[in-house]
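1. Let me see the structure of the following:
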Amino acid sequence: MISVAQPEQSSGLSGALRRHLWKSIGAITLCVGAAVAYTAVSPMYYGSEAKIFVRLGRESVSLDPTATTGQNGLGARLARKRAQ
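-> Next up, the predicted model:
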């Protein structure tokens, strides 16, 4: 019986990648192409939402504790020095 030389079979992940290289490249190209086509055809949508809480009455008039008046300690000290 004559034996025919068989090509060397790679095993594991590297062998699977070599055997299915063109299928993988085709699938990736198809997915990227579909994403580009969808982006080109789909309408642009910009949206936002906001909620505002309004308190009515005298007790609601106060300064926000996180707000600043625009002056830091250095400015107040310089103003006091100039006044002397």
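
2. Just the endpoints, please. Distance across stretch 15-25?
-> 16 Å (Cα to Cα, to the nearest Å).

3. ok, and for that stretch, which residues are buried?
-> Buried residues in stretch 15-25, counted by 16 or more other Cβ atoms under 10 Å: none are found. Glycine gets a C-beta too; all of them are placed from N, C-alpha and C.

4. what stretches of this protein score poorly on pLDDT?
-> 1-10, 58-84 (pLDDT under 70).

5. Where do the strands of the protein begin and end?
-> Secondary structure of the chain (DSSP state E): no strands present.

6. So in it, which helix runs the longest?
-> Among the segments of the chain that qualify as a helix by DSSP state H, the longest is helix 21-41.

7. what sits up against it?
-> Residues outside helix 21-41 that contact it (Cβ atoms under 8 Å, 6 or more residues apart in numbering) are residue 17.

8. Name the residues of it that are buried.
-> So, applying 16+ other Cβ under 10 Å, helix 21-41 has no buried residues.

9. any idea how far residue 23 lies from residue 30?
-> 11 Å (Cβ to Cβ, to the nearest Å).

10. same question, residue 15
-> Residue 15 is 24 Å from residue 30, by Cβ to Cβ.

11. Next: residue 44.
-> Relative to residue 30, and taking Cβ to Cβ, residue 44 is found at 25 Å.

12. try residue 21
-> Residue 21 is 15 Å from residue 30, by Cβ to Cβ.

13. Also residue 56?
-> In terms of Cβ to Cβ, residue 56 sits 59 Å off from residue 30.

14. same question, residue 57
-> Residue 57 is 62 Å from residue 30, by Cβ to Cβ.
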